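Engineer: what's the 3D shape of this:
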Amino acid sequence: MKKGMLSNIIVFIKGMAMGIADIIPGVSGGTIAIITGIYEEFLSTLNNINLKIIKLLFKGKFKFLWREYNLSFLSSLILGILTSVILLSYSITYLIVNYPIILWSFFLGLIASSIIYLFKEIKIWNRKTYLFLYIGLFFSLVMLTIYPSKQEEVSFIYLFFCGMISITAMLLPGVSGAYILVLLGAYETILNTLKEVIKFNSDYFLNFFSFIVGAILSIKLFSKLLTWAYKKHKNYTLSCLVGFMIGSLPNLWPWKSELNSEELLFSKLYIPVGYFMNADFRKGILFILIGILMIFILEYLAKKSKNV
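Structural biologist: As a prediction, the model looks like this:
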């Protein structure tokens with residue numbers, strides 16, 4: 001096997017790992033990219049893409065284009081990400097319908113552990129740090145009050161903005177783009193859209209196109225800004241994200257009754273009767289702990305990879 005082909009296969013496998021992370025709320029694709037050693041190359045490749053690509057395409061300079069913009073790496077990575085996302089979209093949709101307590105408990109554990117991880121990444125706590133924490137907390141609580149009560153009510157315009165926000169979050173280590181979709185009330189809609197687009201159901205093409213266009217625009221418009229903020233003002237950026245995540249934890253609470261458009265999310269949360277005597281409660285706690293443990297393992301692997 002040629003060295004170039006082997007390298008592409010390895011990048012494809014790493015892309016699959018990122019895809020798995022990107023579709024599970026609480027797990028960061030950026031963290032997986034760090035663990036697998038491709039984070040810096042991934043960011044630099046994205047940031048180098050510009051409109052010159054179109055000119056080169058029209059001029060037929062495909063070999064130069066492929067080499068200059070590192071498209072062998074990027075195409076292998078994206079193909080791996082898409083493969084995992086497509087395969088997992090079916091599994092997670094099935095779990096949401098048939099095992100919601102187990103799934104949302106697992107997601108809650110992932111997010112709770114991610115908050116702890118991000119807290120440890122904030123090295124300096126001062127008035128500005130707390131201010132950004134409260135700003136994030138405030139906006140997440142506002143989002144919960146306007147949380148779409150029914151996933152099918154999410155419009156294609158809203159999905160456009162969801163694509164912009166979630167894909168930008170996916171570029172940051174420790175931040176889960178899928179979780180942002182959960183918070184925005186579009187997670188199940190996106191999963192269902194992916195399933196239907198794979199089946200060539202034209203009714204879902206507009207939703208899919210809106211999300212993808214938002215994601216592509218975000219990569220070019222905001223990826224550099226966000227990565228700059230992350231590098232230059234890491235403490236403030238992370239404190240805002242932590243506040244955002246803390247305030248939105250109720251959205252992941254496994255035990256909530258059906259919502260209608262007149263009721264707020266907080267009014268529908270409950271704890272099962274009997275606590276540990278209740279089988280669903282025991283299962284929920286178990287999968288919360290599994291989710292917490294998973295993030296600690298990923299954090300350990302990320303630190304180990306940096307020291308290699």
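Engineer: when you work out contacts or count neighbours from here on, use the C-alpha atoms and nothing else.
Structural biologist: Noted.
Engineer: phi, psi of the nearest residue in space to residue 248 that is not next to it in sequence?
Structural biologist: With sequence-adjacent residues excluded and distances taken as Cα to Cα, 6 or more residues apart in numbering, residue 248 is closest to residue 140, at 5.5 Å. Phi and psi for residue 140, reported as degrees, to the nearest 10, are phi -70, psi -40.
Engineer: so how far is residue 184 from residue 140?
Structural biologist: The gap separating residue 140 from residue 184 is 9 Å, by Cα to Cα, to the nearest Å.
Engineer: go on, residue 25?
Structural biologist: Using Cα to Cα, which is the criterion applied here, residue 25 is 12 Å from residue 184.
Engineer: quick one: contacts for residue 138?
Structural biologist: For residue 138, the contact set (Cα atoms under 8 Å, 6 or more residues apart in numbering) comprises 243-244, 247.
Engineer: give me the three-state assignment for it.
Structural biologist: Following DSSP: H, G, I helix; E, B strand; the rest coil, we place residue 138 in the helix state.
Engineer: state the mean pLDDT of stretch 85-104.
Structural biologist: Stretch 85-104 shows an average pLDDT of 83 in the prediction.
Engineer: how far away is residue 47 from residue 219?
Structural biologist: Distance from residue 47 to residue 219, by Cα to Cα: 8 Å.
Engineer: ok, now how distant is residue 59 from residue 23?
Structural biologist: Applying Cα to Cα to residue 59 and residue 23 gives a distance of 37 Å.
Engineer: and those two? Which one has more around it.
Structural biologist: Between residue 59 and residue 23, counted using other Cα atoms under 10 Å, residue 23 has the larger neighbour count: 25 against 9.
Engineer: phi, psi of the residue nearest to that one when sequence neighbours are not counted?
Structural biologist: Leaving out its chain neighbours, the residue that sits closest to residue 23 by Cα to Cα, 6+ apart is residue 178, at 5.5 Å. According to degrees, to the nearest 10, the main-chain angles of residue 178 amount to phi -60, psi -40.
Engineer: quick one, what contacts residue 178?
Structural biologist: Going by Cα under 8 Å, 6+ apart, residue 178 touches 22-26, 166, 170, 187.
Engineer: from those residues, which land in helices?
Structural biologist: 22-23, 166, 170, 187 (DSSP state H).
Engineer: ok, so of those, who is nearest residue 207?
Structural biologist: residue 187 (12.6 Å; Cα to Cα).
Engineer: what about residue 278, how many residues nearby?
Structural biologist: The burial count for residue 278: 11, using other Cα under 10 Å.
Engineer: wait, isn't it in contact with residue 272?
Structural biologist: Yes: contact status for residue 278 versus residue 272: in contact at 6.9 Å, counting by Cα atoms under 8 Å.
Engineer: now do the same for residue 135: its pLDDT.
Structural biologist: 91.
Engineer: in space, what's closest to it - neighbours in sequence excluded?
Structural biologist: residue 240 (6.4 Å).
Engineer: check which helix or strand covers the one you found.
Structural biologist: helix 234-247 (DSSP states H and E).
Engineer: and the helix or strand just after that helix, what does it pack against?
Structural biologist: Using DSSP H and E, the next helix or strand after helix 234-247 towards the C-terminus is helix 279-307. The helices and strands touching helix 279-307, judged by 3 or more Cα pairs under 8 Å, 6 or more residues apart in numbering; DSSP states H and E, are helix 29-35, helix 100-121.
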